[in-house]
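# here is a sequence together with a model predicted from it:
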Amino acid sequence: MLRSLSCTFQIDTTEESFLDLFPLDVIVYLTPDSENVLEDIDPNKVYVLGGLVDESIHKKLTLQRAQEQSLQTARLPIREYMVKTANTKNYHSETLAINQVFEVLSTYYETQSWPTALKAGVSSGKGYMLPDAVKE
């Protein structure tokens, strides 16, 4: 069981593939490389959080895997709600760890606010901030 804010989530594990458990038309594979922006969470959809250890070696691999399976894809609306910030490493990445994506999604589901959700899950080390935070 995972908890986020006041929500409780039931998590079941299985060795079966999500492709065998759900119809393809309800699966949305979340990848930072998708051209489709996730605008809202549909409770009738199944969101797959893909994960890679090193984003620099396997660019667009999650998008490629989703396309090979004819799955819908989406990305978090980081570019739409956040701005790049100046940092010493000139580093900007929309690739998040699975726990960060989960935090963004669960916070959005509870608050219906992308700025609130992105603030909760996107660390400043990614090189993005909400526009109002930059002014401070």
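Done, it's in. Numbering: from 1, shown residues only.

# contacts, neighbours, all on C-alpha from now
Noted.

# where do the strands sit along this protein?
Taking DSSP state E as the criterion, the chain carries its strands at 2-4, 7-9, 27-30, 46-49, 72-74, 83-84, 128-129.

# for the fourth one, packing partners?
Here strand 46-49 touches strand 27-30, helix 98-111, going by 3 or more Cα pairs under 8 Å, 6 or more residues apart in numbering; DSSP states H and E.

# would you mind finding the most buried of these?
strand 27-30 (a mean of 22; mean count of other Cα atoms under 10 Å).

# what about dumping the CA coordinates of it to PDB?
Extracted as PDB, the C-alpha positions of strand 27-30 are listed here (Å, rounded to 0.1, in the frame of the first residue of the first chain):
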ATOM      1  CA  ILE A  27      -3.200   1.700 -21.700                       C
ATOM      2  CA  VAL A  28      -1.300   5.000 -21.700                       C
ATOM      3  CA  TYR A  29       2.500   4.600 -21.500                       C
ATOM      4  CA  LEU A  30       4.100   7.600 -19.900                       C
END
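
# for that strand, which strands pair with it and how are they oriented?
strand 46-49 (parallel), strand 72-74 (parallel) (DSSP bridges).

# could you say which of these is packed most deeply?
strand 72-74 (a mean of 20).

# other residues contacting that strand?
By Cα atoms under 8 Å, 6 or more residues apart in numbering, the surrounding residues in contact with strand 72-74 are 25, 27-32, 34-38, 63, 66.
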